[in-house]
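Q: curious how this folds, go ahead:
(chains A, B, C and D)
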There are 2 protein chains.
Amino acid sequence: MADVKPIGKALFLREEELRRGIELMFFAYRDFTGEADSILAEQNMGRAHHRAIYFIGRNPGITVSDLLTILCITKQSLSRVLSGLMQDGYVTQKPGATDRRQRLLYLTGTGIAFESRLTSLQGRRFAAAYREAGVDAVDGFQRVLRGLLDSDTIDQIAQQDQTRDI
Amino acid sequence: MADVKPIGKALFLREEELRRGIELMFFAYRDFTGEADSILAEQNMGRAHHRAIYFIGRNPGITVSDLLTILCITKQSLSRVLSGLMQDGYVTQKPGATDRRQRLLYLTGTGIAFESRLTSLQGRRFAAAYREAGVDAVDGFQRVLRGLLDSDTIDQIAQQDQTRDI
DNA sequence: GGTTTTACGTCAGCCATGTTGACCAATATA
DNA sequence: TATATTGGTCAACATGGCTGACGTAAAACC
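A: Presented below is the predicted three-dimensional model:
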């Protein structure tokens, strides 16, 4: 029976492997974010706050519209989160030097400390996974993840890298 | 200057690599789920429905409590989603043969077709990423993702695999 | 056989985070 | 000066998490 339909068997294995990838993505993302989520909850924040803090910390002086482009949410959703973060003293803004309509976003000292706490937590998880899996695995991991991206996202990441390297 | 603090430099590269992982996870997960999200939206469903449909399809006859264990959400959250799915004819339940308190969950024909549509969409994305990245990369990808999991999740996945192989 | 535990459902209400649409102010630019 | 852009804000809504309380049927146990 097993030898009669080698093609069917191959397809079955293929689907099984694809499902394994889908499921691993789900579980890994959940566990990866879960740890940070509980720290955020202590400060009455959610993932939306985390994302804003992370990308402001990563791109100090980023404009609101650039942050919107990265996060792919509406202005209103971001605005709500940002007002909270500014009120609680994690983020400050200052008008753009050339274009004074822009409000460039920065983390405060508190914000920097908090970002660092969250990122090192997630970083430790990654470091452990990388260490277990080995260097070659890390390369493969990143290659596959990049392959999962929309082409828009790829462009966007490339652009961000350029901006940082100036 | 670059040669004076090789350790600092190494740490910088390390942090940069960890951040790259964190960001790739965020973008890849978003893009990976985004495509399915828009199909789900057409049927007035969200990701919660997708997860339920997926895991019921993957484990036909699963009990509500086992599904809760997989999803890690509250009974009430799942209940809301399941009632909707049963009302709309994607899912049916039947009492357990040995334990009649249990309500074993199954996809209907409609449910199977819908699950298949969503999974093949996500599967195609994975297949493309796997193809681009190569076989070794896929192995590395899966090893790193498994390294990101909580130990509870690892046990849980192992147990699911056993159940399916019976 | 009676008690306790388990599996599941349901009602009410809260919160975070996403959405749309409309509208306003300041400023840059053609 | 007219128009476009950047950003904020208000109202209203949906989804999907959560808690707590309570009910019911069936299984398990003493």
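Q: going forward, measure contacts between C-alpha atoms and count neighbours the same way
A: Noted.
Q: list the contacts of the residue minimising distance to the centre of chain A.
A: Residue closest to the average C-alpha location in chain A (CA atoms, centre = their mean): residue A:51, at 6.7 Å. By CA atoms under 8 Å, 6 or more residues apart in numbering or on different chains, the contact set of residue A:51 is residue A:71.
Q: does the helix ranked longest in chain A come close to chain B?
A: Ranked by residue count, the top helix of chain A under DSSP state H comes out as helix A:6-42. Yes: Helix A:6-42 is in contact with chain B by CA under 8 Å from any CA of the partner chain, via A:15, A:18-19, A:21-22, A:24-25, A:27-29, A:31-32.
Q: next: stretch A:152-162.
A: Yes: with CA under 8 Å from any CA as the criterion, chain B is reached by stretch A:152-162 at residue A:153.
Q: one more: stretch A:117-125?
A: Yes: looking at stretch A:117-125 against chain B by CA under 8 Å from any CA, the contacts come from A:119, A:122-123, A:125.
Q: farthest-apart pair in those, please.
A: Taking CA to CA, the two most distant members of the residues of stretch A:117-125 next to chain B are A:119 and A:125; they sit 9.9 Å apart.
Q: where exactly do the strands run in chain A?
A: A:91-95, A:103-107 (DSSP state E).
Q: what's the closest of these to DNA strand D?
A: strand A:103-107 (5.0 Å; CA to the nearest atom of the strand).
Q: now the angle from the closest one to strand A:91-95?
A: 150 degrees (axes from the mean of the first three to the mean of the last three CA atoms, to 10 degrees).
Q: any residue of strand A:103-107 touching DNA strand C?
A: No: using CA under 7 Å from any atom of the strand, strand A:103-107 stays clear of DNA strand C, coming no nearer than 10.2 Å.
Q: and that strand, what does it pack onto?
A: helix A:47-58, helix A:64-71, strand A:91-95 (3 or more CA pairs under 8 Å, 6 or more residues apart in numbering or on different chains; DSSP states H and E).
Q: hmm, try it at 10 Å
A: For strand A:103-107, the packing partners by 3 or more CA pairs under 10 Å, 6 or more residues apart in numbering or on different chains; DSSP states H and E come out as helix A:47-58, helix A:64-71, helix A:75-87, strand A:91-95, helix A:109-133.
Q: okay if I get these as JSON lines plus mean pLDDT and distance to residue B:65?
A: Shown next, in JSON lines, are the helices and strands packed on strand A:103-107 (pLDDT from 0 to 100; distance: least, CA to CA, whole Å):
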{"stretch": "helix A:47-58", "mean pLDDT": "96", "distance to residue B:65": "27"}
{"stretch": "helix A:64-71", "mean pLDDT": "94", "distance to residue B:65": "35"}
{"stretch": "helix A:75-87", "mean pLDDT": "94", "distance to residue B:65": "34"}
{"stretch": "strand A:91-95", "mean pLDDT": "93", "distance to residue B:65": "42"}
{"stretch": "helix A:109-133", "mean pLDDT": "95", "distance to residue B:65": "29"}
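Q: select, out of those, the one closest to residue B:139.
A: helix A:109-133 (9.6 Å).
Q: name the helices or strands packed onto that closest one?
A: helix A:6-42, helix A:47-58, strand A:91-95, strand A:103-107, helix A:135-148, helix B:6-42, helix B:135-148.
Q: in the first one, which residues are buried?
A: Taking 16 or more other CA atoms under 10 Å in any protein chain shown as the neighbour-count basis, helix A:6-42 is seen to contain the buried residues A:15, A:17-19, A:21-32, A:36-37, A:39-40.
Q: quickly check: it near DNA strand C or not.
A: No: using CA under 7 Å from any atom of the strand, helix A:6-42 never reaches DNA strand C; the gap is at least 8.1 Å.
Q: now that helix, how far from the centre of its chain.
A: Going by CA atoms, centre = their mean, to the nearest Å, the spacing between the C-alpha centre of helix A:6-42 and its chain's C-alpha centre is 17 Å.
Q: ditto for the fourth one
A: Remark: strand A:103-107 is offset 19 Å from the chain centroid, using CA atoms, centre = their mean.
Q: what residues does chain A put near DNA strand C?
A: Residues of chain A lying near DNA strand C (CA under 7 Å from any atom of the strand): A:44-49, A:72-78, A:81, A:98-101.
Q: keep only the residues you listed that also lie close to DNA strand D.
A: Taking CA under 7 Å from any atom of the strand as the test, DNA strand D is in contact with A:75-76, A:101 out of these.
Q: most neighbours, which of those residues?
A: Counting neighbours by other CA atoms under 10 Å in any protein chain shown, residue A:75 comes out on top of these with 13 neighbours.
Q: excluding chain neighbours, what is closest to that residue?
A: Closest residue to residue A:75 apart from its sequence neighbours, by CA to CA, 6 or more residues apart in numbering or on different chains: residue A:68 at 6.8 Å.
Q: count residues in the vicinity of the one you found, would you?
A: 16.
Q: assess the claim that it and residue A:74 are in contact.
A: Yes: using CA atoms under 10 Å, residue A:68 is in contact with residue A:74, at 7.0 Å.
Q: re the thing from before, just the closest of the ones next to DNA strand D among the residues of chain A next to DNA strand C to DNA strand D, please.
A: residue A:76 (4.5 Å).
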